[in-house]
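# Below are the sequence and a predicted model; questions follow.
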Amino acid sequence: KDYSDKYKIGFYIRIMNSHGSQTIEQYSESIFNSEGLGIGDEKEGIMLTLTMEDRKFDITVHGKKANKIFDARARENIASAVVYDHLKYNEYGEGAKVFLDECSSTIVTPYIIKGSITAIVPLIISIVTILFFRSKHKTKGISHEAYAYIPQGGLKLQRAQDMYLYRSETRTYNPPAKSSGGGGGFHSSSGGGFGHTSGHF
């Protein structure tokens with residue numbers, strides 16, 4: 001509740017018997033809207049819905065900030081911790097606690113990173129400034145005329161090539177279902193201001 005109040009994103013859990021003729025995603029949206037959930041003008045919130053009859057779950061998010069922080073990857077990470085470790089073994093109380101803990105840690109991480117960057121940037125600027133002034137005192141004997149560095153006959157470029165020194169690759173871990181009932185992976189979707197990650201437990 002402390003993080004929910006501090007960052008203005010509501011955390012909710014609803015355990016129901018059935019989602020009726022609606023899909024689990026539609027049912028979650030109906031609950032969110034009919035109960036007036038969410039904080040602020042954007043109705044920021046994240047909710048875990050469980051339906052016991054068919055053992056389905058849905059993690060629903062609403063609001064610009066909530067959708068940005070709890071994107072599909074974040075929701076699937078939360079679902080993995082909650083479903084595979086607890087709900088599949090009927091540990092509903094512990095599953096609910098882990099859901100709230102995972103939401104809290106997910107919502108705090110961007111602010112920690114932002115704070116670290118804020119502290120590091122001035123340090124980098126200071127170092128660059130010092131190196132710049134030091135380099136100005138090491139220019140003796142260096143010609144300031146560009147043509148002094150061009151060889152006789154001119155400069156010839158034989159080949160141009162782009163060199164990429166680093167590669168960024170993102171992978172999402174989706175662990176296999178354990179042997180105790182249920183199964184399948186997660187399905188993530190978004191639309192109408194809502195984001196969903198759903199499946200069975």
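Nice, thanks for sending it over. Since the model is a prediction, treat every value here as computed from it, not as a measurement.

# Next secondary structure after the helix or strand of the chain with the lowest mean pLDDT?
Within the chain, no helix or strand scores below helix 92-136, which has a mean of 68 by mean pLDDT, DSSP states H and E. Sequence order places strand 187-191 as the next helix or strand after helix 92-136, per DSSP states H and E.

# Dump the C-alpha coordinates for that next one into CSV.
Taking C-alpha atoms only, strand 187-191 is exported to CSV below (Å, rounded to 0.1, in the frame of the first residue of the first chain):
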residue,chain,number,x,y,z
HIS,A,187,-0.9,-14.6,-23.4
SER,A,188,-0.3,-10.8,-23.4
SER,A,189,-2.4,-8.3,-25.2
SER,A,190,-3.4,-4.6,-25.0
GLY,A,191,-6.2,-2.3,-26.2
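
# helices or strands up against that strand?
helix 72-79, strand 194-200 (3 or more CB pairs under 8 Å, 6 or more residues apart in numbering; DSSP states H and E). (C-beta placed from N, C-alpha, C; glycine too.)

# The shortest one: partners in the sheet, and parallel or antiparallel?
When you say that, I think you mean strand 194-200. strand 56-62 (antiparallel), strand 187-191 (antiparallel) (DSSP bridges).

# what's next to the shortest one, contact-wise?
For strand 187-191, the external contacting residues (CB atoms under 8 Å, 6 or more residues apart in numbering) are E25, N67, A72, R75, E76, G195, H196, T197, S198, G199.
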